[in-house]
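Chemist: next input, structure requested:
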Amino acid sequence: MEARDMSLVEKAYNGIAEMIFSFQLPPGSKVSDFSLSRKLGISRTPIRSAILLLMNHGLVIKTHDGYEVPRITAESIDEIYDARICIETAIVDFSIRNNLHCKKIKELRRLISLQKSAADSGDIFQSTDYSLRFHKALVGMCENESLEDLFSHLYLPMKIINVLALARPNLGTGEEYTAICDAVERGDSQSACRLLTESIEKGRCQKKEVLEKYGALGMDRLFGFIAVSSEASRK
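Modeler: A predicted model of the protein is given here:
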């Protein structure tokens, strides 16, 4: 593929991903190369290539009649959170046992501080973003690209699922992360993994409770509100 074609694919990928994360393309939306070509001003061939890349990253799925943004369901939440517990705790344990954790403590504490500040100011959307970045930094302690790649397949879908936190914020997240970080700094793998598991499980319950409480109609309203807010912020 020529450099110009790659540039168009990258542009298409970024454009579609932005529409997904801003909920211009909310969960359950059809992903059409024809309509996206018109919206983004890019020909359909690079759009199709971008859609395939988005599939690899878990942001688009193949259906019987085309492509769509994955719906948020109790089952999809369980699948991602089960994977997170397995992958994140294994990587944290590996990092501590191999004494790779010390260099990341400062960054972990910086992200905790940012998360707390955002939560205290009422910016729940930003605080959830810092929360996910904290987990990414935890995984990054391992300094192993193959292990980090395992988490990367969960990172982008989690950005979408995290929107449910807007309806039921967990105001104790900063304290949970501080306890995890303290255990990591001590080199206490058992406590770090236990606390990490408890924190992830709390996030799972939070998302599933919101889904059950508000249902499909409530979720559509939430997605619509974010889409309108995102559009207004760009003007």
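
Chemist: residues near residue 39, how many?
Modeler: Applying other C-beta atoms under 10 Å, we find 15 residues neighbouring residue 39. From N, CA and C alone the C-beta is placed, and that goes for glycine too.

Chemist: sorry, that was for residue 108
Modeler: The number of residues packed around residue 108, counting by other C-beta under 10 Å, is 21.

Chemist: quick one, what contacts it?
Modeler: Under the criterion of C-beta atoms under 8 Å, 6 or more residues apart in numbering, the neighbours of residue 108 are 134, 137, 138, 177, 181, 184.

Chemist: which of those residues fall within helices?
Modeler: The members of these that map onto helices under DSSP state H are 134, 137, 138, 177, 181, 184.

Chemist: can you give the domain ranges for this protein?
Modeler: Partitioning the chain according to automatic domain parsing yields domains covering residues 3-68, 74-216.

Chemist: may I see the buried residues of the lowest-mean-pLDDT helix or strand in the chain?
Modeler: When the helices and strands of the chain are compared on mean pLDDT, DSSP states H and E, helix 3-21 comes out lowest with a mean of 86. Buried residues in helix 3-21, defined by neighbour count with 16 or more other C-beta atoms under 10 Å: 8, 9, 11, 12, 13, 15, 16, 17, 19, 20, 21.

Chemist: what is that helix packed up against?
Modeler: helix 33-40, helix 44-56, helix 145-161 (3 or more C-beta pairs under 8 Å, 6 or more residues apart in numbering; DSSP states H and E).

Chemist: off-centre distance for that helix?
Modeler: Taking C-alpha atoms, centre = their mean, to the nearest Å, the mean C-alpha location of helix 3-21 is offset from the chain mean by 19 Å.

Chemist: from residue 35, how far off is residue 58?
Modeler: According to C-beta to C-beta, to the nearest Å, residue 58 and residue 35 sit 22 Å apart.

Chemist: which of these two has more neighbours?
Modeler: residue 58 (18 against 12).

Chemist: and the more buried one, helix, strand or coil?
Modeler: With DSSP: H, G, I helix; E, B strand; the rest coil as the basis, residue 58 sits in coil.

Chemist: per-residue confidence for it?
Modeler: Each residue has a pLDDT score; the one for residue 58 is 91.

Chemist: please apply the same query to residue 215.
Modeler: Note for residue 215: predicted pLDDT of 84.

Chemist: counting neighbours, what do you get for it?
Modeler: A count of nearby residues for residue 215, using other C-beta under 10 Å, gives 10.

Chemist: quick revisit: out of the domains of the chain, nearest to residue 227?
Modeler: Nearest to residue 227 among the domains of the chain is domain 3-68; the distance by C-beta to C-beta comes to 4.3 Å.

Chemist: thought residue 49 was touching residue 16?
Modeler: No - between residue 49 and residue 16 there is no contact under C-beta atoms under 8 Å: 11.0 Å.
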